[in-house]
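K.L.:
sharing a model that was predicted from the sequence below.
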Amino acid sequence: MAKFVFQLEAVIEQRKGIERQRQLALGRVQAQRLAVEAKVEAVRRRLDERRLDLRDRLAPGRGVEIGAVRMQSASALFGLVELRRLAVELSGVLKRVEAARAELLRATVARKAVEHLRAKALAEWLREQARREGAELDDLVLMRRAALASGAGIGGSDDQEYAACAA
């Protein structure tokens with residue numbers, strides 16, 4: 001039996017390679033996003049710990065150490081500035097994530113378009129193969145019938161001979 005050969009197979013492989021590159025790019029940007037989110041969470045935890053520490057230092061009945069309170073306040077301000085900086089960084093990373101997702105989607109659509117062409121070509125090739133095989137079977141049946149008719153000396157058709165040829 002003949003083998004199906006798709007002329008654009010190299011294009012499919014190339015587009016699969018591009019799609020893999022886009023997946024890797026998306027993975028790298030997602031890793032950046034996770035790293036920034038982890039930094040944000042660490043800063044938030046640190047701010048919460050400092051806030052609790054400051055509350056304990058300012059509790060009624062305790063002496064207030066002004067230097068320690070100032071240090072805690074400065075640390076809290078620094079933490080808020082750090083959170084703002086991380087928010088801007090996270091915003092940029094999220095934009096890059098969306099851009100990478102869009103690129104991956106475009107690459108996937110491009111690959112699937114060629115694969116769809118391949119599926120259509122394969123279906124057409126299979127139909128053509130079935131048509132050819134049917135024509136070959138018809139030719140074999142006709143040749144067999146002609147051989148039986150000429151060998152038996154019969155000029156007409158006999159239903160039993162035809163049934164034997166078809167089987």
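P.N.:
Arrived safely. Just so it is clear, the model here is predicted, and its values are computed rather than measured. Numbering: from 1, shown residues only.

K.L.:
quick check: which ranges of this structure have low pLDDT?
P.N.:
Flagging of the chain using pLDDT under 70 yields the residue ranges 1, 152-167.

K.L.:
what segments of it are strands?
P.N.:
Secondary structure of the chain (DSSP state E): no strands located.

K.L.:
mind naming the longest helix for it?
P.N.:
helix 66-152 (DSSP state H).

K.L.:
by contact count, what packs against that helix?
P.N.:
Under the contact definition 3 or more C-beta pairs under 8 Å, 6 or more residues apart in numbering; DSSP states H and E, helix 66-152 sits against helix 9-57, helix 159-166. For every residue, glycine as well, the C-beta is placed using N, CA and C.

K.L.:
ok, the residue nearest the centre of the chain to residue 49 distance?
P.N.:
For the chain, residue 108 is the residue whose C-alpha lies nearest the centre (C-alpha atoms, centre = their mean; 6.3 Å). Distance of residue 108 to residue 49, given as C-beta to C-beta, to the nearest Å: 45 Å.

K.L.:
phi, psi of residue 7?
P.N.:
phi -70, psi -30 (degrees, to the nearest 10).

K.L.:
that one: neighbouring residues, count only.
P.N.:
9 (other C-beta atoms under 10 Å).

K.L.:
helix 9-57 and the longest helix of the chain, what's the angle between them?
P.N.:
160 degrees (axes from the mean of the first three to the mean of the last three C-alpha atoms, to 10 degrees).

K.L.:
was I right about the residue nearest to the centre of the chain contacting residue 19?
P.N.:
Yes - using C-beta atoms under 8 Å, residue 108 makes contact with residue 19 at a distance of 5.7 Å.

K.L.:
list the contacts for residue 18?
P.N.:
By C-beta atoms under 8 Å, 6 or more residues apart in numbering, the contact list for residue 18 reads 107, 110-111.

K.L.:
try residue 78
P.N.:
Per C-beta under 8 Å, 6+ apart, neighbours of residue 78: none.

K.L.:
now it: how far from residue 117?
P.N.:
Residue 78 is 59 Å from residue 117, by C-beta to C-beta.

K.L.:
how about CSV for the helices and strands packed on helix 66-152, with distance to residue 125 added?
P.N.:
Formatted as CSV, these follow (distance: least, C-beta to C-beta, whole Å):
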stretch, distance to residue 125
helix 9-57, 13
helix 159-166, 27
